[in-house]
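Visitor: Have a look; sequence and predicted model below, questions after that.
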Amino acid sequence: MVRLKDIAALAHVSVMTVSKSLHDAPDISAGTKARIRLLAEQMGYVPNSMAQSLRSRTTRLYGLVVSAVTNPLYSRLVLALEERLHEQACDLLVAHNLKQIEREEQIIRRFLTRRVDGLFISPVYRLAPQSAVYEELVRRGTKVIVLGHPVPFTQAFAHVTTDDQQASYLATRHLLDLGHRRIAFLAGPNSTPWAQERLEGYRRALREAQVEWDDRLVYAAGSRIEDGEKAAAQLLAEAVRFTAVQGVNDMVAIGAGNLLLQQGWQVPQQVSLIGFGDVLLAENWRIPLTTVQQPKYRLGVAAMEMMVELQRGNHPPNRLLPASLVLRASTAVPAA
């Protein structure tokens with residue numbers, strides 16, 4: 001391993017001069033800096049990041065905790081974060097909580113032992129108003145950006161997320177404008193604020209259109225394709241009249257669509273179908289899916305901008321990013 005004193009001996013300068021040259025100190029001439037840097041590169045010198053961290057009291061490491069990067073929402077978000085951190089010569093550590101509270105706590109504490117400069121967390125939502133590990137983050141003064149809606153145990157941190165309620169409202173409004181009045185809603189997990197917000201957007205659109213609320217049109221689904229299939233099977237089994245189906249996300253909508261098509265329904269001739277998220281599969285499903293396009297990359301950019309503000313000692317406000325409706329072939333006016 002090449003050391004600073006090895007470079008100093010070959011360059012016939014002091015170790016201090018080598019160190020200052022590599023750190024671009026202003027009291028070293030440009031010529032000396034260039035000569036020493038070239039020599040260090042030729043000798044294969046690699047800086048000791050641990051020693052640099054001890055001197056600067058920063059690690060230039062950031063942690064990201066998400067459910068799993070297989071979730072289509074996170075791939076573009078991770079790309080945005082990694083690109084911005086790369087520009088600042090920082091690295092991103094990624095871990096998956098798999099929606100398990102205990103695993104999330106272990107990951108966060110492991111990141112803390114790595115002395116990360118900040119954390120981006122998509123939390124595992126729970127009904128309890130407090131969380132010991134999040135309280136620990138507050139006590140430590142850790143810089144945290146929450147990727148999601150505020151809940152009691154995350155209130156102390158800055159949040160960035162999609163405006164789910166308004167986006168879901170737009171989706172329901174689109175179906176109403178086409179003439180649908182019997183719109184089935186396949187809801188997400190009750191414990192998650194994003195699912196609650198999307199259900200409320202659906203409710204608000206119906207209220208404004210003066211369409212009577214019908215509990216029989218709302219079904220507990222989940223977030224996966226198989227959840228959508230099960231919810232659609234229940235919808236058909238209960239023989240409730242409907243002309244459109246709104247999924248809490250694209251995977252649920254696609255699962256419902258698969259089941260309906262298997263049962264002989266025609267999309268959109270007999271039933272319109274709309275999702276949320278605009279995952280890659282949505283555009284490439286057998287009937288391209290009308291859906292809400294989440295600003296995945298912009299979420300990552302906004303999260304990084306907020307982290308920079310935290311590092312400067314500021315307190316950035318929470319940010320709700322707007323989503324847009326993408327019209328494709330799965331929605332149409334209801335059949336007569």
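Guide: Received it, and whenever you're ready, just let me know what you need. Numbering: from 1, shown residues only.
Visitor: List the residues that contact Val160.
Guide: By CB atoms under 8 Å, 6 or more residues apart in numbering, Val160 lies in contact with Ile145, Val146, Leu147, Leu299, Ala302, Ala303, Met306, Asn318, Arg319, Leu321. For the C-beta atoms, the positions are set from N, CA and C on the backbone; glycine is no exception.
Visitor: actually Gly118, sorry about that
Guide: So Gly118 contacts Tyr62, Gly63, Thr142, Lys143, Val144, Ile145, Met307, Leu310, Gln311 (CB under 8 Å, 6+ apart).
Visitor: What's the first helix or strand after the lowest-mean-pLDDT helix or strand in the chain?
Guide: Using mean pLDDT, DSSP states H and E, the weakest-scoring helix or strand in the chain turns out to be helix 49-56, at a mean of 50. Downstream of helix 49-56, the next assigned helix or strand under DSSP states H and E is strand 61-66.
Visitor: Can you show me the CA trace of that following strand as PDB?
Guide: Extracted in PDB, the C-alpha atoms of strand 61-66 (Å, rounded to 0.1, in the frame of the first residue of the first chain):
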ATOM      1  CA  LEU A  61     -21.800   8.400   3.300                       C
ATOM      2  CA  TYR A  62     -25.600   8.500   3.200                       C
ATOM      3  CA  GLY A  63     -28.000   5.700   4.000                       C
ATOM      4  CA  LEU A  64     -31.200   4.900   2.100                       C
ATOM      5  CA  VAL A  65     -33.800   2.600   3.700                       C
ATOM      6  CA  VAL A  66     -36.700   1.500   1.400                       C
END
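Visitor: Just the closest of the contacts of Gly118 to Leu325, please.
Guide: Ile145 (27.1 Å; CB to CB).
Visitor: Would you agree the closest one falls within a helix?
Guide: No - read with DSSP: H, G, I helix; E, B strand; the rest coil, Ile145 is strand and lies in no helix.
Visitor: who does it bridge with?
Guide: Phe120, Ala158 (DSSP bridges).
Visitor: Spit out the contact partners of it.
Guide: Gly118, Leu119, Phe120, Ile121, Phe157, Ala158, His159, Val160, Ala303, Met306, Met307, Leu310.
Visitor: Could I get the residues you listed in CSV, plus columns for distance to Thr70 and pLDDT?
Guide: Below are the contacts of Ile145 laid out as CSV (distance: CB to CB, whole Å; pLDDT from 0 to 100):
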residue, distance to Thr70, pLDDT
Gly118, 24, 97
Leu119, 21, 98
Phe120, 18, 98
Ile121, 18, 98
Phe157, 25, 98
Ala158, 26, 97
His159, 23, 98
Val160, 21, 98
Ala303, 20, 98
Met306, 25, 98
Met307, 24, 97
Leu310, 29, 97
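Visitor: can you tell me which two in those are farthest apart?
Guide: Farthest-apart pair in the contacts of Ile145 is Gly118 and His159; separation 14.4 Å (CB to CB).
Visitor: re the thing from before, narrow the contacts of Val160 to those in strands?
Guide: Using DSSP state E, the subset of the contacts of Val160 located in strands is Ile145, Val146, Leu147, Arg319, Leu321.
Visitor: Drop anything exposed from those residues.
Guide: Buried members of these, counted by 16 or more other CB atoms under 10 Å: Ile145, Val146, Leu147, Arg319, Leu321.
Visitor: Now the residues you listed in CSV, please, with extra columns for pLDDT.
Guide: Listed next are these as CSV, based on pLDDT from 0 to 100:
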residue, pLDDT
Ile145, 98
Val146, 98
Leu147, 97
Arg319, 97
Leu321, 97
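Visitor: just curious, which of the residues you listed is nearest to Thr291?
Guide: So of these, ranked by how close each gets to Thr291 (CB to CB), first place is Leu321, at 16.3 Å.
Visitor: so that closest one touches Tyr297, yeah?
Guide: No - using CB atoms under 8 Å, Leu321 is not in contact with Tyr297; the gap is 10.5 Å.
Visitor: follow-up on the earlier one: quick check: of the contacts of Gly118, which lies closest to Thr113?
Guide: Gly63 (10.8 Å).
Visitor: Could you pull up the residues touching Asp215?
Guide: Contacts of Asp215 by CB under 8 Å, 6+ apart: none found.
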